[in-house]
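Student: The following block contains a protein sequence and its predicted model.
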Amino acid sequence: MATGNGNRKSPSNAVKIILVIVAVVFLISWISKATTGMADSTWLNIRDGFLITFAAFLTLSIFSFLYNDNPFYKFAEHLYVGVSAAYWMCLGFWSIIVGNFVPHASKTLSTFFKVPFQEYSWFYYVAFAFGVILLMRLLPKAGWIARWPLAVIIGTTAGFNLSRYLHSDFMSQVGNTFQPLFVDWQGAGHFFSNLSLAADGQLVMSAGNWIVVVGVLCGLVYFFFSKEHKGMFGAASRLGIWILMITFGASFGYTVMGRISLLVGRITFLFDDWLSIL
Amino acid sequence: MRKLALICVVMVLAFLPPPLLGEVDSALLQDSVTVDLPEPPAPPGNVTATDNPNDNGRAIRVTWELSADDTTGMKNVIGYRINRAEARDAADSLWTEASDILPSGTTEFIHSGDGEEDGPDYFAKNYDFYYRVHALTADTFSVSAVVGPVQAKDNWYNTGVTFVLLFVALFIILTVTFVRIARKGKELYIRPLAGIEAVDEAIGRATEMGKPTLYILGLGSAADIATIASFAILSRVAKKVAEYQTPLLVPCYEPFVMTVAQDTVRAAYMDAGRPDDYDEDSVYFVTSSQFAYVAGVMGTMIREKPATNFYLGMFHAESLLLAETGAMIGSIQIAGTDQIAQLPFFVVACDYTLIGEELYAASVYLSREPVLLGTIKAQDWAKAVVVGTILAGLLARLLVDLDFIKTVFEVSV
């Protein structure tokens, strides 16, 4: 990673004191959790106490970013990045190479990795060859050949996605816009005599459908790039961006509520699992 | 003595528990009592079994008409079950259950499986199968006539996506037409986009401040449409950065994306005539774990303090975390994504946001190449077709609903 500044200074006395205090709090917490643990053996209590204390330490270290960059955040960040990168590499090896390739490539390797051999398949050898060619980029003179499998992978997936998105997103959305603009219409007399603001009432449902139709059409007009947005076209475009912004506002509030639930989860961990005061 | 033995037997029988006594009774009375079996319901009629269309040849579609006793009468049918066999006259033990109990009122079932020969859901293609349908009551059932043979066949053409094919064909025709027009030199208008026009200004600011430019491609794979669009923009940004001799940082989430981004940036530096300035380490892999990636990029931001941040590609929950950190350190921020749920966060935290298709169009704005301008024009015509289709569909819906027209007429009279 291209991080870090060049001028490394030795930590000040204040920083050293803070580090010592944190270390002491960590040890006290660990001893406390280990002695009050409910596990069957002492060793398990010591281990669980360490894990809970360490998890709380990492949580608080990440939260400390809200103040500023600091050694605790740097430690948690580098640990998190390093562990996750290694984890994904191991996961990729065991799930893709051992889990998928080996059972279709070699009986000897299947026996070695203790996975059931399935059947030989040339398809997996092609994929393996692609992987090897991709690694050719590490050789300065043969690096160009690594672009071929990349081109095949990107081109194939993009073409596949084109059809999929056109069918699932595009066509379905156009079809869903064919809404009845006058829901359950039985004449103006019936409409006005049964006027109601109920969510399932004729007025609200019809108004909702109008908003969907007008919103879709004006939103589409906003995304016309090769025509000047003036006059009626400009008015429709402005209405389109207004509708988009109102939608974004609603989505923002909805998602923020989800994020708050994540925060509540971490606070519950700190106060319940760690401090046991809830 | 015999009387005593008889009395003992009677006493034993008198004190036997009821279930045991019941078994004894039924055994004793087996030949002398006639049990009234419940009358079966009317069987399902007109059963058909056909190859399920538009699939890979691993499914059969079974249809039937409801039993006359479906949810009615004393012989109330509560459900249906589909059986399958490999011969018309197979013994009952050779018929396998192709479905669970389907609720009453059901008239169709698609029996499907997969191609894994050793798996529990294996479904052989091009093989003769026979089907029959059971109508089930609470305590008995009836069986339909056996239908078949029927074979599951794979289909080369999916008729369900004919409209997609037609639309793609139309789009290709429009694209070729407008590209030809653009190549002939006709000037094609495209309206200005604030986010795109700010790109040069933002890189210029980074140059003046002597700080790096940070470019984030998002969490998408190299084949995602938003990432592909972002590569095109990265190419233009990298070229500009190379011309201005400003440092560029591209932390990547995905190894494939990193590989393509490295090639893209290297090519841009060569285009700018500064291949020696290209630093291989400027485009680097962080991790493929979402929030670890966020933690790493946030650390980079707070330490390197880039003057300009680009967030262009596919983003998920990390969008606000990154954009907030960028705003905190005072960077100019230009974002763009096609993820609707993340756009609000970019709108509130960034200086400029490219919404959805604006991201796809951005590379055209930056390059102004005739070929790409032609595709923008073709896209607009395709959108016009969509608007026309929606209006026609709405009108058709109104016209089909004759009652509505009739009532409007009556009211106006």
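Tutor: Thanks, I have it.

Student: Next up, the contacts around the nearest residue to residue A:32 once chain neighbours are set aside.
Tutor: Leaving aside its sequence neighbours, residue A:32 sits nearest to residue A:49 (Cβ to Cβ, 6 or more residues apart in numbering or on different chains; 7.5 Å). (Each C-beta comes from the backbone N, C-alpha and C, glycine too.) Neighbour list for residue A:49: A:29, A:30, A:31, A:32, A:33, A:34, A:35, A:37 [criterion: Cβ atoms under 8 Å, 6 or more residues apart in numbering or on different chains].

Student: How much space separates the first one from residue A:51?
Tutor: Distance, residue A:29 to residue A:51, by Cβ to Cβ, to the nearest Å: 12 Å.

Student: Same drill for those two, tell me which one is more crowded.
Tutor: More neighbours surround residue A:29 than the other of residue A:29 and residue A:51, with 19 against 12 (other Cβ atoms under 10 Å in any protein chain shown).

Student: correct me, but the more buried one touches residue A:55?
Tutor: No: when contacts are counted by Cβ atoms under 8 Å, residue A:29 is not listed as touching residue A:55 (10.9 Å).

Student: List the buried residues of stretch B:177-191.
Tutor: Neighbour counts over stretch B:177-191 (16 or more other Cβ atoms under 10 Å in any protein chain shown) mark B:178, B:179, B:182, B:188, B:190 as buried.

Student: Tell me which other helices or strands the biggest helix by length in chain B touches.
Tutor: Scanning chain B for the helix with the most residues, using DSSP state H, yields helix B:370-400. Judged by 3 or more Cβ pairs under 8 Å, 6 or more residues apart in numbering or on different chains; DSSP states H and E, the packing partners of helix B:370-400 are helix A:172-176, helix A:202-222, helix B:162-183, helix B:357-367, helix B:402-412.

Student: what's the spacing between that helix and its chain's center?
Tutor: 24 Å (Cα atoms, centre = their mean, to the nearest Å).

Student: tell me the mean pLDDT for that helix?
Tutor: Across helix B:370-400, pLDDT averages out at 85.

Student: Please apply the same query to stretch A:65-73.
Tutor: 87.

Student: do the same with stretch A:118-125
Tutor: On average, stretch A:118-125 scores 84.

Student: So for it, what gets flagged as buried?
Tutor: Across stretch A:118-125, burial judged by 16+ other Cβ under 10 Å covers residue A:124.

Student: Equivalent analysis for stretch B:314-330, please.
Tutor: B:314, B:315, B:317, B:318, B:319, B:320, B:321, B:322, B:323, B:325, B:326, B:329.

Student: Per-residue pLDDT of the residue nearest to the fourth one when sequence neighbours are not counted, please?
Tutor: Spelled out, that is residue B:318. Excluding its sequence neighbours, the residue lying closest to residue B:318 (Cβ to Cβ, 6+ apart) is residue B:294, at 4.4 Å. With respect to pLDDT, residue B:294 scores 94.

Student: Kindly report the same for residue B:169.
Tutor: So, for residue B:169, pLDDT stands at 90.

Student: Likewise for residue B:91?
Tutor: 80.

Student: so, in contact with chain B or not, stretch A:221-239?
Tutor: Yes: under the criterion of Cβ under 8 Å from any Cβ of the partner chain, chain B is reached by stretch A:221-239 at A:221, A:223, A:224, A:225, A:226, A:227, A:228, A:229.

Student: mind putting the helices and strands packed on helix B:370-400 in a markdown table, distance to residue B:254 included?
Tutor: Output for those, formatted as a markdown table (distance: least, Cβ to Cβ, whole Å):
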| stretch | distance to residue B:254 |
| --- | --- |
| helix A:172-176 | 28 |
| helix A:202-222 | 31 |
| helix B:162-183 | 28 |
| helix B:357-367 | 18 |
| helix B:402-412 | 53 |
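
Student: most packed of those?
Tutor: helix B:357-367 (a mean of 22; mean count of other Cβ atoms under 10 Å in any protein chain shown).

Student: on contacts alone, who are the packing partners of that helix?
Tutor: Packed next to helix B:357-367, using 3+ Cβ pairs under 8 Å, 6+ apart, are helix B:194-209, helix B:225-244, strand B:332-337, helix B:370-400.

Student: Compute the inter-axis angle for that helix and helix B:370-400.
Tutor: 150 degrees (axes from the mean of the first three to the mean of the last three Cα atoms, to 10 degrees).
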